[in-house]
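Engineer: When you get a sec, could you give me coordinates for this:
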Amino acid sequence: MLQRFRTEEIYDAATDDEAFDQLALSLAGAIGARSGVIHWKDFGRDTEEVSYSGYFSADQMALYERHFADADLWSAAVRAPERVNRVWDCEQLVSPEEYENGLLYNEWVRAMGDDSFRAVGSSVRTETAVGEIGFHRGKDQPAFGPDVVRIVEEGLSHIRRMVSIRSRLIAERRASSDLAGSLDVVGVAGLTLRSCRKLV
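Structural biologist: The predicted structure follows:
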């Protein structure tokens, strides 16, 4: 039975690394998908985040990134400018015949003994970031319908907000770590004051 995405679960992933790692798996389960991915790059803060559902191994995903990302017909279809920031049933954008004859399906999916054949996904853009969200089913599983697209669409704004918060926190953590490292090198005690002479 399909379930709406739980917003508290999405926002827990903003501050909790383990919750973020599990988010793609949990959201995939809510809509009856067997795998999922949330991938986000924030160029403004120089952060990158990926949550995989664990259906594919880390080695298989690395192989995808190195050799097959450019051959992903679904990803290319949702990235078209007129389709950005919306959720799509990828079968409406790429015909099953075209996908089945494509490099990704034959050289990556089938080569590892898999049959991932259906997807619902989105390409997300903000002023400083780009991301993709995708959920998948096998060839013998039912197609995604408009009800699934609607559930993912409802959750999309929350996922975007969560990743934005998470990216900001990661950038702050990194800056804090860099500052602490710089102070550790100095070897003498020091105080940092604002221009109004207040202690930072």
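
Engineer: Not counting its neighbours along the chain, what's nearest residue 50?
Structural biologist: residue 39 (4.9 Å; CB to CB, 6 or more residues apart in numbering). C-betas here are computed from N, CA, C, even on glycine.

Engineer: helices or strands next to the helix or strand harbouring that neighbour in the packing?
Structural biologist: For residue 39, the host element (DSSP states H and E) is strand 35-42. Packed against strand 35-42, as judged by 3 or more CB pairs under 8 Å, 6 or more residues apart in numbering; DSSP states H and E, are the following elements: helix 17-30, strand 47-52, strand 129-138, helix 146-186.

Engineer: pLDDT on the longest one, on average?
Structural biologist: In other words, helix 146-186. Average pLDDT, helix 146-186: 82.

Engineer: Please find the angle between the direction vectors of that helix and strand 129-138.
Structural biologist: 130 degrees (axes from the mean of the first three to the mean of the last three CA atoms, to 10 degrees).

Engineer: Roughly how far does residue 18 sit from residue 97?
Structural biologist: Using CB to CB, to the nearest Å, we find residue 18 at a distance of 41 Å from residue 97.

Engineer: wait, what's in contact with the residue nearest to residue 50?
Structural biologist: For residue 39, the contacting residues are 49, 50, 51, 131, 132, 133, by CB atoms under 8 Å, 6 or more residues apart in numbering.
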